[in-house]
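Peer 1: Show me the folded form of this:
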Amino acid sequence: KISSSESKNEVLNLHSGAIQVENKLSLKARLCWFSMVFKAMPDMNNQDIFTITIGDLKKSIDYKNTNNKDFKNILEELRDTKIEWNIFEKNEPSWGWDHLLSGCRVRLNSNVIEYSFSPFLKEKLVNPEMYAKINLLISKNFKSKHSLAIYCLALDYLFIKENYGEKNISLEDMRKFLGLEDSEYIKPSDLNFWVIQKAVLDINQDSDMNLSVEIKRGERNKIIAFKLKMSIKDEYLESYKKQKLP
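Peer 2: Prediction:
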């Protein structure tokens, strides 16, 4: 468990549009991207290529596998995954898509990863008018990519001044946000039991957030939407408010 004092470290201001994307990424790839953005952020305004050592990146995501081929697959996943921005249209009417990395290389006999982002992505990351603060230490607690995705979404709709937030999501939008294929969790009840409620349990146990999800039903008692309600746990609230200040 991460203490409230430890949670002050390694906080990433992530643009809302970068949270509201289809989450087809694996958990390790998403955590990897968070760490790469965090490492690049201080130099985002004045350079296009960023560096991080393989050892530091592995450590940042608790990657203990010594097989670098598997680790390379994670980086290729970031390069190859096409993401749609701002699917809930929270902060702007525009639509667009991108890749999480535009380029990545490791020179022969080198332990250094060089990587870059597209101009569109850099623009969003450097000047986020609306953003959530993602704590990288807490993010590493999650064992499910869906739990991490829902946690980040809940943070994006949390008003820290009131320590409360809520978000209504249709069944269709929830499936799109989680990046589910048509063949996955076909029954809404299975989606609720195996993904949504598991995420609620994970978030309440392993993060700084209290989360509840109400089920909305339509004709024939079928699940048609979900309502997220969230707040920060008391022991984290004071430090979280300080982090929110400019």
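Peer 1: Now do the helix or strand containing Asp56: everything it contacts.
Peer 2: Assigned by DSSP states H and E, Asp56 belongs to helix 54-60. Outside helix 54-60, the residues within contact range by CB atoms under 8 Å, 6 or more residues apart in numbering are 31-32, 35-36, 39, 63-64, 68, 71, 106, 111-113, 136. The way it works is simple: take the backbone N, C-alpha and C, and place the C-beta from them, glycine included.
Peer 1: by contact count, what packs against the helix or strand hosting Glu172?
Peer 2: Glu172 is part of helix 171-177 when elements are defined by DSSP H and E. If contacts are counted by 3 or more CB pairs under 8 Å, 6 or more residues apart in numbering; DSSP states H and E, helix 171-177 sits against helix 188-191, strand 223-232.
Peer 1: quick one: least confident helix or strand in the protein?
Peer 2: Ranking every helix and strand in the chain by mean pLDDT, DSSP states H and E puts helix 16-19 at the bottom, with a mean of 68.
Peer 1: re earlier: want to try JSON lines for the contacts of helix 54-60, with pLDDT, neighbour count and secondary structure as columns?
Peer 2: Below are the contacts of helix 54-60 laid out as JSON lines (pLDDT from 0 to 100; neighbours: other CB atoms under 10 Å; DSSP: H, G, I helix; E, B strand; the rest coil):
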{"residue": "Leu31", "pLDDT": "92", "neighbour count": "23", "secondary structure": "helix"}
{"residue": "Cys32", "pLDDT": "93", "neighbour count": "25", "secondary structure": "helix"}
{"residue": "Ser35", "pLDDT": "94", "neighbour count": "22", "secondary structure": "helix"}
{"residue": "Met36", "pLDDT": "94", "neighbour count": "23", "secondary structure": "helix"}
{"residue": "Lys39", "pLDDT": "94", "neighbour count": "19", "secondary structure": "helix"}
{"residue": "Tyr63", "pLDDT": "88", "neighbour count": "17", "secondary structure": "coil"}
{"residue": "Lys64", "pLDDT": "85", "neighbour count": "7", "secondary structure": "coil"}
{"residue": "Asn68", "pLDDT": "79", "neighbour count": "11", "secondary structure": "helix"}
{"residue": "Phe71", "pLDDT": "86", "neighbour count": "19", "secondary structure": "helix"}
{"residue": "Val106", "pLDDT": "88", "neighbour count": "15", "secondary structure": "strand"}
{"residue": "Asn111", "pLDDT": "89", "neighbour count": "10", "secondary structure": "coil"}
{"residue": "Val112", "pLDDT": "93", "neighbour count": "13", "secondary structure": "strand"}
{"residue": "Ile113", "pLDDT": "94", "neighbour count": "20", "secondary structure": "strand"}
{"residue": "Leu136", "pLDDT": "87", "neighbour count": "18", "secondary structure": "helix"}
